[in-house]
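1. this one's sequence-less:
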């Protein structure tokens, strides 16, 4: 299923689980710097910022106040969903009052995509007892049915993998598999991970407050005519920043029969770039061919028509800003029409594994797998 060809992609930025405890600690300072960087480099080129839960480590009013004080400085819209740590008081009253968050669940259409925001904690007993509850499952089914009828791509924002929902995992996974959900965006794992079950991409972003792998940062994600892209940026890396949004990387192809995901002799290359300094030039190349000019720039969006070989190839996009700053993104594009083996488990069973250039290490260093028990 495709968005309208003239539709801008859905683009959002994900700040991983904060686990805020006290003001002035490193995770608080990192959040402050992330907000500053988003305001300076990004805010006009994304649809929103998402906080994926475990915002306040103990769910206290003071911890939520710290989070809200920083997030309220954002010039971009933002959404917050709860995690199990936010529910430590056995209530989400502090979450809603402290973050001034919209009541969950809710759905909103952004850039032609149905964005569905879920609470998977408050129907459980606390801790990792994740549940939606019967009435919310009915509501979610209605929303997904409506998106399919309207031929709209959907994105779901929830704290954890569907497979973690007690007694509901199979039903929820089937719902997603029968729907137009292109992406499920999550926190909880504490590590970067992408999983592809043949229909839907599951994306988890590294924690900001409890990190066991790599450097602190944030992720960019996009849905461009049904194609999902994702790239992580560390705080210590410079701007500008670019991400190819089409065609699909071979690891993220979910609908091999879709004209937007399988290429002919030519394809449209699309990319998004961000930075405080305007982009002077955007170029692309196939494998080791010469760099060629891309068009556009409005809202950080660049496009080009490319003639591509009848085989798998590497596609690179490089942007240069007016001060000479550069960034390059590279993906691997498949030409095969071999049907994907669909394994709708709603879990990390379809993990694409390590992709170091994307800060995906495949080590699963977090409390749910191979890391510390925070």
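-> Perfect, thanks for sending it. The shown structure was predicted, so the numbers you read here are calculated from the model rather than taken from an experiment.

2. contacts and neighbour counts: CA atoms only from here.
-> OK.

3. which non-adjacent residue is nearest the residue nearest the centre of the chain?
-> For the chain, the residue sitting closest to the mean C-alpha position, by Cα atoms, centre = their mean, is residue 221 at 4.2 Å. In space, residue 221 comes closest to residue 230 once its chain neighbours are excluded; the distance is 4.3 Å by Cα to Cα, 6 or more residues apart in numbering.

4. what segments of the stretch 151-300 of the chain are helices?
-> The residue ranges that make up the helices of the stretch 151-300 of the chain, judged by DSSP state H, counting those that start in this stretch, are 169-177.

5. low-confidence ranges, the stretch 1-150 of the chain, go.
-> Filtered on pLDDT under 70, the stretch 1-150 of the chain yields the residue ranges 1-6.

6. all the helices of it, residue numbers only.
-> The residue ranges that make up the helices of the stretch 1-150 of the chain, judged by DSSP H, counting those that start in this stretch, are 26-41, 61-71, 93-99, 134-149.

7. helices or strands up against the third one?
-> Judged by 3 or more Cα pairs under 8 Å, 6 or more residues apart in numbering; DSSP states H and E, the packing partners of helix 93-99 are helix 61-71.

8. can you do 10 Å?
-> Taking 3 or more Cα pairs under 10 Å, 6 or more residues apart in numbering; DSSP states H and E as contact, the helices and strands that helix 93-99 lies on are helix 61-71, strand 78-80.

9. just send these back as a markdown table, with mean neighbour count too.
-> As requested, the helices and strands packed on helix 93-99 are arranged in a markdown table below (neighbours: other Cα atoms under 10 Å):
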| stretch | mean neighbour count |
| --- | --- |
| helix 61-71 | 19 |
| strand 78-80 | 19 |
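
10. distance check, the residue lying closest to residue 65 once chain neighbours are set aside against residue 22.
-> Using Cα to Cα, 6+ apart and skipping residues adjacent in sequence, the residue nearest residue 65 is residue 98, 5.5 Å away. In this structure, residue 98 and residue 22 are separated by 15 Å, where distance is defined by Cα to Cα, to the nearest Å.

11. for the nearest residue to residue 118 once chain neighbours are set aside, give me its contacts.
-> By the measure of Cα to Cα, 6+ apart, the closest residue to residue 118 outside its immediate chain neighbours is residue 105, 4.8 Å from it. The neighbourhood of residue 105, defined by Cα atoms under 10 Å, 6 or more residues apart in numbering, consists of 81, 116-120, 132, 136, 139-140, 157-158.

12. just the buried ones from these?
-> A residue is treated as buried here by neighbour count (16 or more other Cα atoms under 10 Å); on that basis the buried members of these are 81, 116-120, 132, 136, 140, 157-158.

13. got those as TSV, with distance to residue 110 columns?
-> Compiled in TSV, the buried ones among the contacts of residue 105 are given as follows (distance: Cα to Cα, whole Å):
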residue	distance to residue 110
81	17
116	10
117	12
118	16
119	20
120	22
132	23
136	22
140	18
157	13
158	17
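
14. now, which of the residues you listed lie within strands?
-> The members of the buried ones among the contacts of residue 105 that map onto strands under DSSP state E are 116-117, 157.

15. residue most distant from the centroid, the chain?
-> Here the chain reaches farthest from its C-alpha mean at residue 290, the gap being 31.5 Å by Cα atoms, centre = their mean.

16. can you pull the contacts of residue 195?
-> Shown in contact with residue 195 (Cα under 10 Å, 6+ apart): 183-184, 201-204, 251-252, 346-353.

17. how does it look with 6 Å?
-> 201-202, 348, 350-352 (Cα atoms under 6 Å, 6 or more residues apart in numbering).

18. pull out the buried residues from stretch 236-243.
-> Under the neighbour-count rule (16+ other Cα under 10 Å), stretch 236-243 has 239-243 buried.

19. pLDDT and distance to residue 325 for the residues you listed - can I get that in CSV?
-> Compiled in CSV, the buried residues of stretch 236-243 are given as follows (pLDDT from 0 to 100; distance: Cα to Cα, whole Å):
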residue, pLDDT, distance to residue 325
239, 98, 7
240, 98, 6
241, 98, 10
242, 98, 12
243, 98, 15
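
20. from those, which land in strands?
-> By the criterion of DSSP E, membership of the buried residues of stretch 236-243 in strands covers 241-243.

21. between those residues, which is closest to residue 197?
-> Proximity to residue 197 was ranked across these by Cα to Cα; first place goes to residue 243, at 22.5 Å.

22. bridged to the closest one, which residues?
-> Legend: beta-bridge partners of residue 243 under DSSP bridges are residue 272.

23. wait, it touches residue 272, no?
-> Yes. If you go by Cα atoms under 6 Å, residue 243 and residue 272 touch, sitting 5.4 Å apart.

24. residue contacts, residue 18?
-> Residue 18 sits in contact with 55, 208-209, where contact means Cα under 6 Å, 6+ apart.

25. so how far is residue 360 from it?
-> 19 Å.

26. same question, residue 42
-> Residue 42 sits 22 Å away from residue 360, going by Cα to Cα.

27. ditto for residue 122
-> According to Cα to Cα, residue 122 stands 31 Å off from residue 360.

28. any chance of the ones in strands among the buried ones among the contacts of residue 105 in CSV, plus distance to residue 75?
-> CSV is the format used below for these (distance: Cα to Cα, whole Å):
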residue, distance to residue 75
116, 22
117, 21
157, 21
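
29. from these, which is closest to residue 151?
-> The shortest gap between residue 151 and any of those belongs to residue 116, at 15.4 Å (Cα to Cα).
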